[in-house]
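pasting a predicted model and its sequence here:
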Amino acid sequence: QVQLVESGGGLVQAGGSLRLSCAASGRSFNNYFMGWFRQAPGKQREFVSGISWSGGRIDYADSVKGRFTISRDNAKNTVYLQMNSLKFEDTAVYYCAAGQRFYDSWGQGTLVTVSS
């Protein structure tokens, strides 16, 4: 069974930065995509960013392009999300996800609150 544990959320002022981490355990993650999703109050969960095993493919939602950067350390089975120039509308619970053909493992989420 795969376990994903997020950390790094918190309260930050608009324009500030946060770095989220997601540590994966329980099995080998060879060829696993890893990604970040978020869910704001009253809204559906949405894709934020994803990265392939090699790091050769990286995707971002249009809303975060140029502000967020995803990276991974396969030796540590960890994926990161560096979030800069945060906006009030980035406030959400951020979830880490992993999978080979589709995202089928999820973390419990970490809350990011951006004050305006």
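Now that the structure is in, tell me what you want to look at. Because the structure is a prediction, the values reported are computed rather than measured. Residues are numbered from 1 along each chain as shown.

distance-wise, check the residue nearest the centre of the chain relative to residue 116.
What sits nearest the mean C-alpha location of the chain, by CA atoms, centre = their mean, is residue 36, with 2.8 Å. Remark: distance between residue 36 and residue 116 (CB to CB, to the nearest Å) = 22 Å. C-beta: built from backbone N, CA, C; applies to glycine.

give the contact list for the residue nearest to the centre of the chain.
20, 22, 48, 49, 50, 70, 79, 81, 94, 95, 96, 97 (CB atoms under 8 Å, 6 or more residues apart in numbering).

again, only using 6 Å
By CB atoms under 6 Å, 6 or more residues apart in numbering, the residues touching residue 36 are 48, 49, 81, 94.

doesn't it fall inside a strand?
Yes - according to DSSP: H, G, I helix; E, B strand; the rest coil, residue 36 belongs to a strand.

name whatever forms a beta bridge with it.
Here residue 36 sits in beta bridges with residue 49, residue 96, going by DSSP bridges.

relative to residue 93, how far out is it?
In this view, residue 36 and residue 93 are 11 Å apart by CB to CB.

what do you get for residue 46?
Distance from residue 46 to residue 93, by CB to CB: 11 Å.

the two - which one has more neighbours?
Set side by side, residue 46 and residue 93 show more neighbours around residue 93, with 18 against 12, by other CB atoms under 10 Å.

so which strand or helix has that one?
Using DSSP states H and E, residue 93 falls within strand 92-99.

by contact count, what packs against that strand?
With contacts taken as 3 or more CB pairs under 6 Å, 6 or more residues apart in numbering; DSSP states H and E, strand 92-99 sits against strand 18-25, strand 33-39, strand 105-106, strand 110-115.
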